[in-house]
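1. next comes the sequence, and after it the predicted model I'd like to discuss.
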Amino acid sequence: MKKQLLFVTYQNEDRDEGLTYAIDLAQTLEDGITILLVNKERLEERFEDIMTAVAFAEESEYETAREVMRRENPEGQSNRMIDQCKTSGIEANLQTAQDGIVGAISGFLKNKTAVDMVLLSPSITKNGNMSARELQRLVKTASRPVVTIAKQELQHA
């Protein structure tokens, strides 16, 4: 069985953050990638997005309404992530989870023994999305190396 890297990111976020790094690492290690999309959006937020799209559609701004709904339906973005992996020669698959980050990763790792390493995208760790306490709990329960990917900010000279 081929080893896998577990790349974890949120649905409805900029999921390209960190994926390039995960692909490069998978190529180096000759591993595959499993992308775990965790849904953090609450029902209230989803309802707000839908109502926003309806408001734009009522004002005949159909393209804006479609854009809002694309955020709502991340399937197209998920397919692009898989395609990006496959064009780089990396075997990839996609899983989704509704639990919190720690529960989702722990549950996934219980069923998949071929995972070498857990990679957390910048969207997981930036702006306090994941607390230090949650990260410590994940490191204790994951039983695999957990790597956080940070987004490097550009410095102005």
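-> Nice, I can see it.
2. which residues in the protein form strands?
-> Applying DSSP state E to the chain gives strands spanning 4-10, 32-38, 92-97, 115-120, 146-148.
3. which of the ones you listed is buried the deepest?
-> Neighbour counts (mean count of other Cβ atoms under 10 Å) averaged over each of the strands of the chain peak at strand 4-10, with a mean of 24. Heads up, the C-betas are built off the backbone N, CA and C, glycines and all.
4. so in that sheet, which strands flank that one, and in what orientation?
-> strand 32-38 (parallel), strand 115-120 (parallel) (DSSP bridges).
5. any chance of these in TSV with distance to M69 and mean pLDDT as columns?
-> Converted to TSV, the strands paired with strand 4-10 look like this (distance: least, Cβ to Cβ, whole Å; pLDDT from 0 to 100):
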stretch	distance to M69	mean pLDDT
strand 32-38	18	91
strand 115-120	28	93
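6. so which of these is nearest A92?
-> strand 32-38 (4.6 Å; Cβ to Cβ).
7. what's that closest one in contact with?
-> 2-11, 15, 19, 22-23, 26, 74, 78, 81-82, 85, 90-101, 104-105, 108, 112, 115 (Cβ atoms under 8 Å, 6 or more residues apart in numbering).
8. cool, stretch 117-135 as well?
-> 5-10, 13-15, 17-19, 21-22, 25, 40, 100-102, 105, 109, 138, 142, 144-151.
9. of these, which belong to helices?
-> L19, Y21, A22, L25, I101, V102, I105, L109, L138, A142 (DSSP state H).
10. could the strands paired with strand 4-10 go into a markdown table alongside distance to A53?
-> As requested, the strands paired with strand 4-10 are exported to a markdown table (distance: least, Cβ to Cβ, whole Å):
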| stretch | distance to A53 |
| --- | --- |
| strand 32-38 | 21 |
| strand 115-120 | 30 |
